[in-house]
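Colleague: The amino acid sequence is not available; the structure is as follows:
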């Protein structure tokens, strides 16, 4: 299963090579041309000679992870996050560094903590990785400052129709894009697998600039906080209710007309859809929609519980429906500048 | 031989570690311990409290030496099932809530059900939130099932164990859950192996005890029923890390620690440390001014009193799911026990009288 493979690959911002290599091999048979740009974005082209609106679909390849900042005199590794990770999820976990080095993030035993320590979270300053090295020299022979450490989480079926794994944000978008590239379209299509989303939407900025699309669809994994006794208004999205169409987040105010169009389309096609509540988060759309003179952009996301943590959860139905909805949207492009609406019903 | 023993010890620890056996619910891990002990002893039996005994007869069966290591682990128990099917929980024994976020678990309901202890996405955190430890009552296990299905397969009172495969770091250092005190059980295995090619006069009864983590209970009942002439407990002890300086002095890889203090019969400490010197086995000293918090504490005052010793394997990050130790310490611990037992005089009274 491609999603499992993608989820278990390691690739954080600035270290996307293994993910890029796999995706490049996966899509090769289905595209005319593949370009890897100066930042490392993987850009694939279909129907370059066709007339009609140029459509861009994007998903980012990078995931959140840790970067080794220093090696202590005793041979332990100090680290900082690449992207947003709550340090509280890191305690009592295993990590992988490079191909075959395993480390653990422990914590002072509860027996040795004084009461005030027990109530405080461990901060990045306190945490370190133990690789079993017995000296600074031994550790330095195995790890370099600047290396990355990744979560070790198997992607597996979970509960009723769910999957658990790491890096669904946004390998799930990557998996959807690969499937979409296997279909045929009657307009020029560009797929961008972007880098460095987690550290500031940086790959998407240069990708959109080069591609200059007429319409862009960002395919993402997004927050689902439909857990425990959280109030419904805090959920952002909910598992099992279909892909989420973004309305507003910290980086983008989405076009009401496009949101309306997507909602109507989903209704007509009987594809479940939810509107993404709240204004937290942000994604590549934030850079794409303000590229050059502005690009009409839609974000469709698979809801993802415990996003940016050691283990996240998605619903297989949402995953499939998200792909279906992006496909339907490409079969029925909305009216966009210079390209009035055409009805492209029912392929 | 040495490598084969190391490999089989690692493999046994890996098996014991990943298996569940929360205090009072030791059956899954107990089955593994029984199977292994059966290969190494003359007789294996279980008592009504779940303690497992492996008897290895001595040449003269003059006295009886009890060895003890506990096989139970810390865990969680379902406290409430909320209306959306999330499981609220409380702990069995001393679990630090800080280790629980984003942790995979197994819920032991009508079947084994994988679960995840959730976390809050950083996008939704308020300023300053991430400085505070999350309390256990603000966490829940997500099993990915509808509330209706959850009620069919899980009920309040079901236990929840942490899910973690152990892993190997550098220098024979391994990490995983429940090494406290399954590493001690592995040391018992090594000791029984070594005793099979050493001459020993006394009967040795290796006991894998239950319910240590909730108050040293299996040790009480097993010591009472055995009434050994002498007992040695194998435990884990805090190993030094950057954040425990000044609190902890034991180091990984420098051999097991031999305790001394009120919980330990001075002659047993003396005999073990002399054995280490004689056999050129590394050891560290662990001074314990009072309660050891181990099975040794209960065994020492069982019946009319039992001369007791305590040997421990240094271990980092105790009571997390990444407890870390050096396998060489486990091997050396088992060997030290075996040589100490084999070199005991036939008349223990002479050794143990004050």
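Modeller: Ah, there it is. The structure displayed is predicted, hence computed values, not measured ones. Residues are numbered from 1 along each chain as shown, chains lettered A, B, ... in the order given.

Colleague: Residue B:264 belongs to a helix, doesn't it?
Modeller: No: read with DSSP: H, G, I helix; E, B strand; the rest coil, residue B:264 is coil and lies in no helix.

Colleague: tell me which helix or strand of the chain sits lowest on mean pLDDT?
Modeller: Looking at chain A here, since you left the chain open. Ranking every helix and strand in chain A by mean pLDDT, DSSP states H and E puts helix A:115-119 at the bottom, with a mean of 91.

Colleague: Switch to chain B, please.
Modeller: Ranked by mean pLDDT, DSSP H and E, the weakest helix or strand in chain B is helix B:348-352, scoring a mean of 91.

Colleague: Would the helix or strand that the least confident helix or strand of chain A is followed by count as contacting chain B?
Modeller: Per DSSP states H and E, helix A:115-119 leads on to helix A:136-140 as the next helix or strand towards the C-terminus. Yes: if you take CB under 8 Å from any CB of the partner chain as the test, helix A:136-140 does meet chain B, through residue A:138. The C-beta positions use only the backbone N, C-alpha and C, and glycine is treated the same way.

Colleague: In terms of secondary structure, what does helix A:136-140 contact?
Modeller: Helices and strands touching helix A:136-140, as assessed by 3 or more CB pairs under 8 Å, 6 or more residues apart in numbering or on different chains; DSSP states H and E, comprise strand A:65-71.

Colleague: what's next to the strand it packs on, contact-wise?
Modeller: Contacts of strand A:65-71 from elsewhere in the structure, counted by CB atoms under 8 Å, 6 or more residues apart in numbering or on different chains, are A:10, A:12, A:15, A:77-83, A:85, A:90, A:95, A:97, A:129, A:136, A:139-140, A:143-151.

Colleague: and whichever residue of the stretch 101-250 of chain A sits closest to chain B, what does it touch?
Modeller: At 1.8 Å from chain B, residue A:159 is the closest residue in the stretch 101-250 of chain A, using CB to the nearest CB. Contacts for residue A:159 (CB under 8 Å, 6+ apart) come out as A:313, B:114, B:142, B:143, B:144, B:145.

Colleague: Which positions in the stretch 1-150 of chain B make contact with chain A?
Modeller: Counting by CB under 8 Å from any CB, the residues of the stretch 1-150 of chain B close to chain A are B:82, B:84, B:86, B:94-96, B:98-104, B:114, B:116, B:118-125, B:130-134, B:138, B:140, B:142-146, B:149.

Colleague: Narrow the residues you listed to just the buried residues.
Modeller: With burial judged by 16 or more other CB atoms under 10 Å in any protein chain shown, the buried subset of the residues of the stretch 1-150 of chain B next to chain A is B:86, B:95-96, B:98-104, B:114, B:116, B:118-124, B:130, B:133-134, B:140, B:142-145.

Colleague: Okay, buried residues for stretch B:257-277 please.
Modeller: B:257-260, B:263-265, B:267-269, B:271-273, B:275-276.

Colleague: Show me how to select, in PyMOL, the buried members of the contacts of strand A:65-71.
Modeller: Of the contacts of strand A:65-71, the buried ones go into a single PyMOL selection, burial set by 16+ other CB under 10 Å:
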select buried, chain A and resi 10+12+15+77+78+79+81+82+83+85+90+95+97+129+139+143+147+148+149+150+151
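
Colleague: Could you pull out the helices in chain A for me?
Modeller: Along chain A, the segments classed as helices by DSSP state H run A:2-8, A:17-27, A:115-119, A:136-140, A:168-181, A:202-211, A:256-268, A:285-288, A:316-331.

Colleague: cool, and the stretch 1-150 of chain B?
Modeller: Along the stretch 1-150 of chain B, the stretches classed as helices by DSSP state H, counting those that start in this stretch are B:2-18, B:27-38, B:147-153.

Colleague: Of the ones you listed, which is nearest residue B:323?
Modeller: Residue B:323 lies closest to helix B:2-18 among the helices of the stretch 1-150 of chain B, at 8.6 Å (CB to CB).

Colleague: Can you tell me which helices and strands that closest one packs against?
Modeller: Helix B:2-18 sits against helix B:27-38, strand B:173-176, helix B:179-195, helix B:327-342, with contacts defined as 3+ CB pairs under 8 Å, 6+ apart.

Colleague: can you redo the ones you listed as CSV with mean pLDDT and mean neighbour count?
Modeller: CSV is the format used below for the helices and strands packed on helix B:2-18 (pLDDT from 0 to 100; neighbours: other CB atoms under 10 Å in any protein chain shown):
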stretch, mean pLDDT, mean neighbour count
helix B:27-38, 98, 18
strand B:173-176, 98, 26
helix B:179-195, 98, 27
helix B:327-342, 98, 25
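
Colleague: From what I see, residue A:239 and residue A:319 are in contact.
Modeller: No: at 10.6 Å, residue A:239 does not count as touching residue A:319 under the criterion of CB atoms under 8 Å.
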